[in-house]
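**Student:** Next come a sequence and a model predicted from it.
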Amino acid sequence: MFFFNFMFYFLFVILGADFLSILILIVYVGAISILFLFVVMMLNIRLLEIYIDFFRYLPIGSFICLFFLLNLFIGLFSDFGFFLVNSIVV
């Protein structure tokens, strides 16, 4: 379903209706965020339980965070020259 909405955004941009495209995108994102808010409210998360388990999962969470940050910085600051090694130049 999102793919069809994505095509409509491009269609509106191509037709010159930029405001309509952004407006539809904002409404769509707002609806998804409201649905996410309702799910979080329905879960009824207890904050005390989260604080108790926080320090138990802190080392593995920090490791995963550092791993993803390292990959992000490698992707941002690499020149992507390894894609050009086997390319055929016509």
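**Tutor:** Here it is on my side, so go on.

**Student:** element containing the spatially most central residue of the chain?
**Tutor:** Centroid-nearest residue in the chain: Val29, 12.0 Å away (criterion: CA atoms, centre = their mean). Using DSSP states H and E, Val29 sits in helix 18-43.

**Student:** and if you look at Gly75?
**Tutor:** Going by DSSP H and E, Gly75 is in helix 47-77.

**Student:** packing partners for the helix holding Val29?
**Tutor:** helix 2-14 (3 or more CB pairs under 8 Å, 6 or more residues apart in numbering; DSSP states H and E). Where you see a C-beta, it was placed from the backbone N, CA and C, and this is true even at glycine.

**Student:** Kindly provide the distance from Leu70 to Leu76.
**Tutor:** 11 Å (CB to CB, to the nearest Å).

**Student:** So which of those two has more stuff around it?
**Tutor:** Leu70 (10 against 7; other CB atoms under 10 Å).

**Student:** Tell me how many other residues crowd Ile60.
**Tutor:** 9.

**Student:** in the helix holding Val29, what's buried?
**Tutor:** Neighbour-count burial for helix 18-43 flags Ser21 (criterion: 16 or more other CB atoms under 10 Å).

**Student:** quick one: that helix to chain centroid distance?
**Tutor:** The chain centroid and the centroid of helix 18-43 are separated by 14 Å under CA atoms, centre = their mean, to the nearest Å.

**Student:** sorry, back to before: now do the same contact list for the residue nearest to the centre of the chain.
**Tutor:** With contact taken as CB atoms under 8 Å, 6 or more residues apart in numbering, Val29 is in contact with no other residue.
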